[in-house]
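Colleague: Following is a predicted model, sequence given first.
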Amino acid sequence: MDRFLLTTLLLSLPFAHTSTIYEWDEFDFNWPSEQSKQKYFKGGGKFEPDDLRPNFLAVYEERIFLSLYQRWSAPSTLVSFPTAITSGPAPPKLTPYPSLEMNEKGNCRVIQWAQGLQVDALGRLWVLDSGFNCPSKIWIFNLVHGDSIELSYQFNQSLELYDIALEKTQEDDWLAYITHESESKCLIVFSLNNRRSKTVCSEWKKFKAIAFSSLEKKLFFSQFDSKELYSISTEILKTTSSIKHPNRIVSWQAVNCYRMLFDNSGVLYAAFLKQTYIETWNAQKLNKNRFFLNGGDYLARTPFTFALDTSGIMWIMVYKTWKPSRHKLLRIPIGDNSFSTNASQVCRNGGICVSPTIPTAPARTTIFGTDKNPELSAHGVNDTYCDNKPLLFLNIVLSCWNVFSLFSIASQILWFRKIKKTQDSIAEIKKAERRDATNRASTDSPDPIYEEIESFPSTSALCETRY
């Protein structure tokens, strides 16, 4: 079984043809020239491939855009590469986007720390720039017209921006909903037409991952430190500064959701920290699926990131903490199927299990953090795990062995206690016998016997007689 989690996971799904597009042992960069490379390193720049890992992913036509963690270990925090190999068997190098100069460290007029990425329907790439030591920004690049900068909106401070979701309104405006890296209680709502932003806060715990449903006109978000998924109408977010009564939708299988997105058919895809599966929620059919790897030992904190293109293709960048093939790019046609497949078929292919869709009653509107519907508690949506025969047999054997070991240990403990009790009884009996013998010796002794002995004359008398 391939230990590379998502490769195994997605290659085993029978509903679509899955392709491994690229494999990297480590990332490398395309430098504009040898002079620019030397200038970068002479200026104190660092390049440590082992420290780089994928963050956010976006796709437009034949290009993939990727933001990277470990900003100071690479010449660029935002890169691009082609969706298909153009020449040679080697995977492509990462090209700084839109240029190396636009990623210059310490220059607050350019990109400093790229985070959330999103491509809108007009072919524009939205980039969140946390700024690091500079004010945070929203960048918009026009991918249709030569990657020109359409907007650079600067906030008043460094906000550690994280995730972004876009909405095209009926007023022909584009709204960006933005969360914070620190799992803040507040959302930022930015209007492109007005070039203004506002903050909408909650009376609730922190959240991080968000996704916009164009079918329902709602913003979905997961409470970061719990399993709960909520939604709220974007009409409310446009007219208020506080979130009081969102709709509770469903409980995930894990906490700490770090990435979510919707496809065109209304299926929500979610990923979780340190978890080896993708969970889905169908907002139209009110059911959910889960795709996971039995026995996975994935070490990465965020093992993958993913994005959908306009043609219904899901692109997934997988990351692991060891070589070879530290990074992999996978391509999966999703279309209208949205991971709808047969669980038994999946389980026979590499041990990947897909829980069948289970109808779930709609959740009631609740106050944040309060569950007033026991049927939709953290354990209220029952996922059915697949029947993986080899693993099931192994689980049965191990369970029987555990039961046998438990009874064996318990029997030995009881036996040792019985022996100890017997030994204590024998010692007590012997002690009592010795005590009784001592008592009899002191109370039942007979009087001493004396014999009368005839008197004999003394020696001096005898001497007098002789003389």
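Modeller: On my side now, so go ahead.

Colleague: any idea of the pLDDT on R53?
Modeller: Model confidence at R53, given as pLDDT, is 88.

Colleague: swap that for S152, sorry
Modeller: Looking at S152, its pLDDT is 97.

Colleague: isn't there a strand covering it?
Modeller: Yes: the assignment for S152 is a strand, going by DSSP: H, G, I helix; E, B strand; the rest coil.

Colleague: And it, how far from C134?
Modeller: When distance is defined by C-beta to C-beta, to the nearest Å, S152 is 12 Å away from C134. No exception for glycine: its C-beta is placed from N, CA and C like everyone else's.

Colleague: Can you pull out the low-pLDDT segments for the stretch 351-467 of the chain?
Modeller: The model of the stretch 351-467 of the chain has pLDDT under 70 over residues 351-393, 395, 441-467.

Colleague: Then the chain?
Modeller: In the chain, residues with pLDDT under 70: 1-17, 70-71, 86-87, 182-183, 205, 290-301, 335-393, 395, 441-467.

Colleague: if we can go back for a sec, so which of S152 and C134 has more stuff around it?
Modeller: Taking neighbours as other C-beta atoms under 10 Å, S152 and C134 compare with C134 leading, 19 against 15.

Colleague: residue ranges of the strands in the stretch 101-250 of the chain, please?
Modeller: Under the criterion DSSP state E, counting those that start in this stretch, the stretch 101-250 of the chain contains strands at 114-119, 124-129, 137-142, 148-154, 161-168, 174-180, 186-191, 196-202, 207-213, 218-223, 228-233, 242-243, 247-251.

Colleague: Would you mind putting these into a markdown table with distance to S411 alongside?
Modeller: A markdown table is the format used below for those (distance: least, C-beta to C-beta, whole Å):
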| stretch | distance to S411 |
| --- | --- |
| strand 114-119 | 60 |
| strand 124-129 | 63 |
| strand 137-142 | 69 |
| strand 148-154 | 73 |
| strand 161-168 | 57 |
| strand 174-180 | 57 |
| strand 186-191 | 61 |
| strand 196-202 | 57 |
| strand 207-213 | 52 |
| strand 218-223 | 48 |
| strand 228-233 | 46 |
| strand 242-243 | 59 |
| strand 247-251 | 42 |
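
Colleague: List just the one of the ones you listed that sits closest to S325.
Modeller: Distance to S325, taken as C-beta to C-beta, is lowest for strand 114-119 among these, at 23.9 Å.

Colleague: Neighbouring strands - and their directions - for that closest one?
Modeller: Using DSSP bridges, the strands paired with strand 114-119 in its sheet are strand 124-129 (antiparallel).

Colleague: With only the CA atoms kept, save the partner strand in CSV.
Modeller: The C-alpha trace of strand 124-129 is given here as CSV (Å, rounded to 0.1, in the frame of the first residue of the first chain):
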residue,chain,number,x,y,z
ARG,A,124,-8.8,37.6,-12.1
LEU,A,125,-6.5,36.1,-9.4
TRP,A,126,-7.2,37.4,-5.9
VAL,A,127,-4.3,37.1,-3.5
LEU,A,128,-4.3,37.8,0.2
ASP,A,129,-1.0,39.3,1.4
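
Colleague: Check the offset of it from the chain's centre.
Modeller: The chain centroid and the centroid of strand 124-129 are separated by 25 Å under C-alpha atoms, centre = their mean, to the nearest Å.

Colleague: How about residues contacting that strand?
Modeller: The contact list for strand 124-129, computed with C-beta atoms under 8 Å, 6 or more residues apart in numbering, reads 58, 60, 65, 67, 78, 111-120, 136-144, 150, 161-164, 166, 176, 178.

Colleague: Any chance of the backbone angles for the closest residue to P324 other than its chain neighbours?
Modeller: Spatial nearest neighbour of P324, chain neighbours left out: D25 (5.2 Å); criterion: C-beta to C-beta, 6 or more residues apart in numbering. Torsion angles at D25 (phi, psi; degrees, to the nearest 10) stand at phi -80, psi -40.

Colleague: Return the residues in contact with D25.
Modeller: K323, P324, S325, R326.

Colleague: Number of residues surrounding the second one?
Modeller: To tie it back to what came earlier, the one meant is P324. Other residues within reach of P324, judged by other C-beta under 10 Å, total 10.

Colleague: Now do it against V59, distance only.
Modeller: Noted for P324: a distance of 25 Å to V59, by C-beta to C-beta.

Colleague: Same check on the third one?
Modeller: For S325, the distance to V59 (C-beta to C-beta) stands at 21 Å.

Colleague: quick one: which of the two has more around it?
Modeller: Set side by side, S325 and V59 show more neighbours around V59, with 22 against 17, by other C-beta under 10 Å.

Colleague: wait, what's in contact with that one?
Modeller: Under the criterion of C-beta under 8 Å, 6+ apart, the neighbours of V59 are F65, T83, V119, A307, L308, D309, I313, W315.

Colleague: Now those residues in CSV, please, with extra columns for neighbour count.
Modeller: Output for the contacts of V59, formatted as CSV (neighbours: other C-beta atoms under 10 Å):
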residue, neighbour count
F65, 23
T83, 18
V119, 22
A307, 22
L308, 20
D309, 18
I313, 17
W315, 19
